[in-house]
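>>> Coordinates for the following, if possible.
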Amino acid sequence: MTQQTDDLLLPILRAALDQTRSAACITTAELDRPGPEIVYVNPAYCEMIGRDETEVLGATPRIMQGPLTSRAELDRLRRDLDADRPFIGETVNYRRDGQPFLISWRIDPVQGPDGVTTHYIATQDDITALRRAERLLSAEKAVDGSVSILLSHPADATTNLQTMATDIASAVSDLVGYGRAVVVGDVRLGTSRAAFAVGARHGADEQLMEQVRLGPGTVQSGCDDEGRCWVGCALASELGGIGGALAVVDLDQAELDFIDQAAVGRVAECGRRALSSLAEYERQRLVAIELQRDLLPETDPVVPGFDVVARYQPGAFATRVGGDWYDVVRDGQRAVLIVGDMAGSGVRAAADMGRVRLLVKVLLQQGRSAADALALLNQFCSEEDLVATALAVTIDLPTREVSAVSAGHLPPVISSPHTAEIAQVTPGPLLGIGGSPHYPRSTITVDDDTTIVMFTDGLIERPDELIDVSLERLAVEVLAANSDDLARLCDGLILKRQANNPTDDIAILTVRPSHRSGVGEGSG
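Numbers count the residues shown, from 1 in each chain. Predicted structure coming up:
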């Protein structure tokens, strides 16, 4: 390049730097103090740092550094420039008035004809608003995502609330980047309250959180006499029955000054909505459970000459409660044991279950056979736009002969001390298909050591397992239990299912000939 060309380009290059919207700064290559020395800044750079050109030229870029400027980033910058490598990084710088802001900057070595670095050129952008928006969006998505996960995975209410509080604290911590996040509070669930606490320490933390809890809904902040600062917001919702607080503590004044306090309030509001959703969901679940249990027998039924034990276990959440039922109907010289499962879930399913259970009980008490009762029940379900399955096992009490009729329901497990197998029951159609379906009667062979285990699909179904495999697995579990205590058998099966994260409700009805004297007594 000729001298004449240089003379023509230099003014153009200078004008380009002066007019670009990115802040640009050129310094000498002397990295040790007091250098490097600033030899050029463009107007965008002066505007970004709030300083005049005359104030900056001849000074060092260190005048823009402050308490929150990352020492690790500066050390990395020095290593890269010492090796004549370009540097790209982010850190906090300060304007002339002391206001911190986040910059993204790139520094490139400028080398002379001999390959020796003579200067550095730095281009910088204020990315404070961009990073804050990104972090706020990420925090809100994390809290909302946590609600979705918790509502699709089973756990008790207290565990769910504690997990939610942990996720809120984590989201706030990522948003702020400094200090220690604390979340405490409680939620009204029916007649009781469930508490949650994350990150709180005894003493000062407890006093502070109580102060924040009782304060207004806006973001609060402050510092004590020793310079320890905090920022927080109440987690309160009268409608959701929530009381509590969210805070970031263990801050210094510089960190408090740089925190986006409005964003903390936004995440707190998101947290309130999340906790309210979990609380409302749990309240709906409790209502459905109460309705379901009110519609089921209060105690284990009594069948002369047989021990009978039943269990109902609601699913993890409200949308999984309400469809399963069991019953035992005594009619003269027979007893009919029934388990069933309504399609759908929640309070509506529980109410529909109550209607179906009552109707089949009335039909059986009128002396109809189990097959005829299911046929009439099918007609009712069709007219009411309901769908259900049911299994009815009839015991002839004088002869102890047992037969089964299935309306699309899973067959029972037949167990003795040394074997357990799936009963061979020919299934009829689901209840609710209409028409005049036939429900065939299947005979089940039992002896004095036989246990019949009837159940709904919530006990065995797994999304990654074929139903035949699930049935065989249940037979193995029943055999392994080898329990003379039917209550212990039922409870053990439910506990095993809970360990595999059940989301559906479960009904179990077990029966075996009584080994005790005094025919006519049942056990529970």
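>>> for this protein, which helix is longest?
In the chain, taking DSSP state H as the definition, the longest helix is helix 261-294.
>>> Using neighbour counts, pick out the buried residues of it.
Residues of helix 261-294 classed as buried under the neighbour-count rule (16 or more other C-beta atoms under 10 Å) are 261, 263-289, 291-292. In this view, the C-beta of every residue, glycine as well, is placed from N, C-alpha and C.
>>> Need the CA coordinates for the next helix or strand after it. CSV is fine.
On the C-terminal side of helix 261-294, the nearest following helix or strand under DSSP states H and E is strand 306-313. Only the C-alpha atoms of strand 306-313 are listed here, as CSV (Å, rounded to 0.1, in the frame of the first residue of the first chain):
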residue,chain,number,x,y,z
PHE,A,306,-64.4,-65.8,53.6
ASP,A,307,-61.8,-63.2,54.6
VAL,A,308,-62.2,-60.0,52.4
VAL,A,309,-59.9,-57.0,52.4
ALA,A,310,-60.2,-54.0,50.1
ARG,A,311,-58.0,-51.0,49.5
TYR,A,312,-58.4,-47.8,47.5
GLN,A,313,-55.4,-45.6,46.8
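>>> Beyond strand 306-313, next helix or strand please.
strand 324-331.
>>> so what secondary structure elements neighbour that next one?
Other helices and strands packing on strand 324-331, by 3 or more C-beta pairs under 8 Å, 6 or more residues apart in numbering; DSSP states H and E, are strand 306-313, strand 334-342, helix 346-365, strand 506-513.
>>> Reformat the ones you listed as JSON lines; add mean pLDDT, mean neighbour count and distance to Leu31.
Listed next are the helices and strands packed on strand 324-331 as JSON lines, based on pLDDT from 0 to 100; neighbours: other C-beta atoms under 10 Å; distance: least, C-beta to C-beta, whole Å:
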{"stretch": "strand 306-313", "mean pLDDT": "88", "mean neighbour count": "22", "distance to Leu31": "70"}
{"stretch": "strand 334-342", "mean pLDDT": "93", "mean neighbour count": "25", "distance to Leu31": "75"}
{"stretch": "helix 346-365", "mean pLDDT": "84", "mean neighbour count": "19", "distance to Leu31": "68"}
{"stretch": "strand 506-513", "mean pLDDT": "91", "mean neighbour count": "25", "distance to Leu31": "71"}
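>>> Looking at these, spot the one closest to Tyr45.
helix 346-365 (62.0 Å; C-beta to C-beta).
>>> so what does the closest one touch, helix or strand wise?
Judged by 3+ C-beta pairs under 8 Å, 6+ apart, the packing partners of helix 346-365 are helix 261-294, strand 324-331, strand 334-342, helix 370-383, strand 388-396.
>>> Let's see the pLDDT reported for the closest residue to Ala263 other than its chain neighbours.
In this structure, Ala263 finds its nearest non-sequential neighbour in Leu136, 4.5 Å apart by C-beta to C-beta, 6 or more residues apart in numbering. In this prediction, Leu136 carries a pLDDT score of 95.
>>> The one 4 residues further on now?
Model confidence at Glu140, given as pLDDT, is 94.
>>> hmm, back to that, of all the helices and strands packed on strand 324-331, which lies closest to Arg473?
In terms of C-beta to C-beta, the element of the helices and strands packed on strand 324-331 nearest to Arg473 is strand 506-513, at 15.0 Å.
>>> Partner strands of that closest one and their direction?
Partner strands for strand 506-513, per DSSP bridges, with pairing direction: strand 306-313 (antiparallel), strand 451-455 (antiparallel).
>>> That strand versus strand 388-396: what angle between them?
Calculated by axes from the mean of the first three to the mean of the last three C-alpha atoms, to 10 degrees, strand 506-513 forms an angle of 10 degrees with strand 388-396.
>>> I'd like the distance from strand 506-513 to the chain centre, please.
33 Å (C-alpha atoms, centre = their mean, to the nearest Å).
>>> what pairs with the closest residue to Ala487 other than its chain neighbours across the strands?
Closest residue to Ala487 in three dimensions, ignoring its sequence neighbours and counting by C-beta to C-beta, 6+ apart: Val309, at 5.0 Å. With DSSP bridges as the criterion, Val309 is bridged to Thr510.
>>> so what does the longest helix of the chain touch, helix or strand wise?
Using 3+ C-beta pairs under 8 Å, 6+ apart as the contact test, the elements touching helix 261-294 are helix 128-150, helix 157-176, strand 180-189, strand 229-234, strand 242-251, helix 346-365.
>>> Save those as JSON lines, and put in distance to Thr419 too.
Formatted as JSON lines, the entries for those read as follows, by distance: least, C-beta to C-beta, whole Å:
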{"stretch": "helix 128-150", "distance to Thr419": "42"}
{"stretch": "helix 157-176", "distance to Thr419": "39"}
{"stretch": "strand 180-189", "distance to Thr419": "45"}
{"stretch": "strand 229-234", "distance to Thr419": "62"}
{"stretch": "strand 242-251", "distance to Thr419": "54"}
{"stretch": "helix 346-365", "distance to Thr419": "31"}
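>>> so which of these gets nearest Ala44?
Counting by C-beta to C-beta, Ala44 lies closest to helix 128-150 out of those; the figure is 15.4 Å.
>>> and Leu397, how many residues sit next to it?
Number of residues near Leu397 (other C-beta atoms under 10 Å) recorded here: 17.
>>> before we move on, what about Gly190?
By other C-beta under 10 Å, the burial measure for Gly190, its neighbour count, is 13.
>>> Quick check, it in contact with Arg285.
No. The pair Gly190 and Arg285 fails to qualify as a contact (C-beta atoms under 8 Å) at a distance of 10.1 Å.
>>> Just the terminal-to-terminal distance for stretch 361-378.
Stretch 361-378 has an end-to-end distance of 14 Å (C-alpha to C-alpha, to the nearest Å).
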